[in-house]
Structures are given as structure tokens and as C-alpha cells.
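Engineer: here is a sequence together with a model predicted from it:
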Amino acid sequence: MPSRLLAGLLLFAVAGVALAARDSGEPEAPPALLDEGPLPLALAARSVEVQGLPLDQRMAAISELMLGVAYQVDAVGEGRPPDLDPPARYDAFDCLTFVEEVLALSLAGAPSGAAAVRQALRYGPAEPRYENRRHFMLSQWVPGAIADGWLVDITEQLGPASLIEKQIAPSTWAGWRRRALFQLPDDKLPVGRFELPVLSVDAVREAAADLPAGALLLTVRQSREGVPMVVTHLGFLLPAEPGQPRRVRHATKMRGLRVMDHSLDWYLEHLRWYDRWPVAGINVLMPQEQGPRRSRLPG
């Protein structure tokens with residue numbers, strides 16, 4: 001079966017896209033895949049090698065090949081106006097595109113399906129166009145990935161959580177100084193009330209032994225008047241190693257502008273330094289196995 005068709009079928013199945021009936025009675029086709037370009041051979045080979053491992057180990061092994069890759073904000077696009085950056089690249093990541101790529105390669109049943117997973121995370125069931133991209137973490141990416149079944153919020157299972165609430169109105173966007181960075185019409189900017197549970201930095205430290213490997217750790221700042229976002233960073237927790245501290249892997253501006261590992265203790269302590277825009281806490285999201293792969297996992 002051609003890889004493009006396989007990827008399209010995977011997107012159709014794992015993203016939970018419902019078939020809608022047309023007037024003619026024919027089902028609508030799933031969104032066409034963006035041309036993501038060639039996947040580096042080493043990454044393709046690694047994703048095949050680790051197919052039988054649990055998800056957290058797949059994430060760790062695949063992302064190991066990305067260590068040291070440069071950090072670049074907004075490194076990807078649709079390869080067409082208004083964002084000519086490629087849909088996928090492997091020479092630069094920001095924190096979100098790094099996590100998207102790791103999840104795509106780890107959750108897909110084969111390397112040829114990674115583009116479909118990436119696209120589903122980034123656009124949901126919508127056509128892969130700039131105006132449909134989930135640009136904003138609190139109001140689009142996080143709730144979309146949860147609703148589509150890719151992630152589950154486990155924050156409140158790990159300790160006493162507080163709720164960060166954000167009311168976003170058209171006036172919020174109009175007055176935001178970074179509004180011009182997003183080439184979106186006003187009616188494509190999300191408005192409404194959004195919320196996210198968080199654990200304090202101290203609560204995360206206390207729950208460190210219970211944090212599952214592979215969990216995404218989202219840095220959530222205190223809500224600011226006139227600013228439509230609160231999530232400013234994310235990475236994921238690596239599997240524990242005997243005698244070693246827990247580690248976070250992320251594409252970061254911290255100490256080097258690249259994909260790198262930090263100990264969880266150092267990472268949490270670093271968050272205390274943000275006095276100009278204090279950190280409210282950490283939101284914890286757990287990636288979910290997809291489709292038949294579940295039956296091959298231990299237990």
C-alpha cells in the first residue's frame with residue numbers, strides 16, 4: 001500500500017474523524033496530508049526498532065536522536081502562504097514542534113504514519129491550513145488534543161491542584177501587543193472561558209516519584225490582564241534510571257538553545273526564577289496509546 005495512502009488512513013482512524021454524509025450520500029474524504037518532505041533515515045530506522053516498546057521508552061529512544069538540535073521559535077508552517085516554513089523539519093525545533101514530532105513518530109504504527117499523527121495534533125480534523133492550526137496552547141492545542149483522544153489530563157490525580165482560568169474576549173486580542181505576529185482574521189481568534197488545572201512547583205516536586213514517564217509537563221504562568229495565553233513551555237519526562245535523577249527532555253532556550261535534558265529538580269527550581277511573569281504551576285498531560293498497539297503492551 002503506498003505510504004501516502006497509509007498515512008491518510010491512519011489520520012482517518014486515529015484522529016477520531018467522523019465520516020459526514022454528503023448530499024450525494026458519499027462520505028467526505030479525510031483532509032489531504034501536507035507534503036512533509038523526507039524523514040531522516042536514522043529517525044525512521046529508530047522508530048521501527050522500538051515499535052515493541054512501551055510508549056515512554058519509544059519517546060525516549062526516538063527523541064535521543066534529536067538531542068542537540070537547534071532551538072528556533074515557530075520553525076514550521078504549511079509550506080505555502082502565509083507561512084512558507086515546511087510542515088516538518090529536523091534541523092530546528094521549538095518546544096511544541098519538538099513534542100509534536102516525538103509524539104508523531106512514537107504513536108504512529110509505522111514511520112509512514114507519523115505525518116498523519118503530527119497533522120492531527122496540529123489541526124485536528126480540519127484542513128491543514130494556517131488559519132486552522134492550533135496556534136494557542138490553552139485555547140486550542142491542549143483542549144483539541146484531549147478531545148481527540150491523544151492526551152489525558154492527569155494533573156489532579158497527582159496532588160492538590162488549583163484551577164487557572166482565563167476569559168478571552170475580542171478586546172483581549174485587539175489590545176495584545178503580539179497580535180500582529182499571527183496572520184489570522186479576527187473571527188479565527190479563539191474567545192471564551194478556558195481553564196487548566198495546575199500543581200504548584202512544590203507539589204510537583206513532592207509527586208516526582210509518581211509522575212509517569214512520558215508525561216508532558218506544561219509550564220503555566222499566572223494569568224495576566226490583556227494577555228490571551230498562560231502556557232509558555234512544555235517538555236516530557238523521561239523514564240527513570242536506577243540511581244539517576246528524573247529528567248525532562250525539551251527544546252529550550254535554557255542554557256544553550258537546543259534540544260536537551262535537565263534534571264527535574266533543576267527544571268522545577270529554574271521555574272522559581274521567573275519573577276517578571278511568575279509561574280502558577282505545572283499541568284501534566286499523558287499521551288495515550290492508539291489503536292491495535294494497546295494489545296501488544298505488557299499488562
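Structural biologist: Received it, and whenever you're ready, just let me know what you need. Residues are numbered from 1 along each chain as shown.
Engineer: can you pull out the low-pLDDT segments for the chain?
Structural biologist: 1-30, 292-299 (pLDDT under 70).
Engineer: now do 90
Structural biologist: For the chain, the stretches with pLDDT under 90 are 1-38, 75, 109-110, 112, 241-244, 253-256, 272-275, 290-299.
Engineer: so which residues of the protein form strands?
Structural biologist: All strands of the chain, identified by DSSP state E, fall at 70-71, 92-93, 151-153, 162-168, 192-198, 216-221, 231-237, 247-252, 258-263, 279-287.
Engineer: right, and those strands - which one's nearest Gly113?
Structural biologist: Closest to Gly113 of these is strand 279-287 (Cβ to Cβ; 15.3 Å). All C-beta atoms are positioned from the backbone trio N, CA, C, and that covers glycine.
Engineer: tilt between that closest one and strand 231-237?
Structural biologist: 50 degrees (axes from the mean of the first three to the mean of the last three Cα atoms, to 10 degrees).
Engineer: strand 279-287 vs strand 192-198, what angle?
Structural biologist: Using the same axes, to 10 degrees: strand 279-287 against strand 192-198 is 90 degrees.
Engineer: tell me how far strand 279-287 lies from the chain's centre.
Structural biologist: Taking Cα atoms, centre = their mean, to the nearest Å, one finds the center of strand 279-287 at 12 Å from the center of the full chain.
Engineer: name the helices or strands packed onto it?
Structural biologist: Here strand 279-287 touches helix 95-107, helix 142-147, strand 151-153, strand 162-168, strand 192-198, helix 201-206, strand 216-221, helix 264-271, going by 3 or more Cβ pairs under 8 Å, 6 or more residues apart in numbering; DSSP states H and E.
Engineer: who wins for proximity to Pro87 among these?
Structural biologist: Smallest distance to Pro87 across the helices and strands packed on strand 279-287 (Cβ to Cβ): 10.0 Å, for helix 95-107.
Engineer: so which elements touch the closest one?
Structural biologist: On a contact count with 3+ Cβ pairs under 8 Å, 6+ apart, helix 95-107 meets helix 41-49, helix 55-64, helix 114-123, strand 231-237, strand 247-252, strand 279-287.
Engineer: those into a markdown table, with extra columns for distance to His262?
Structural biologist: As requested, those are exported to a markdown table (distance: least, Cβ to Cβ, whole Å):
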| stretch | distance to His262 |
| --- | --- |
| helix 41-49 | 22 |
| helix 55-64 | 14 |
| helix 114-123 | 24 |
| strand 231-237 | 8 |
| strand 247-252 | 5 |
| strand 279-287 | 14 |
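Engineer: single out the most deeply packed of the ones you listed.
Structural biologist: helix 114-123 (a mean of 26; mean count of other Cβ atoms under 10 Å).
Engineer: what comes into contact with that one?
Structural biologist: Applying Cβ atoms under 8 Å, 6 or more residues apart in numbering, the contact partners of helix 114-123 are 7-8, 10-11, 14-15, 31, 33-34, 36, 39, 47, 87-88, 100-101, 103-105, 107-108, 128-129, 132-134, 141, 145, 148, 150, 290.
Engineer: write a ChimeraX command that selects only the buried members of these.
Structural biologist: Selection of buried members from the contacts of helix 114-123 for ChimeraX, criterion 16 or more other Cβ atoms under 10 Å:
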select :7,8,10,11,14,15,31,33,34,36,39,47,87,88,100,101,103,104,105,107,108,128,132,133,134,141,145,148,150,290
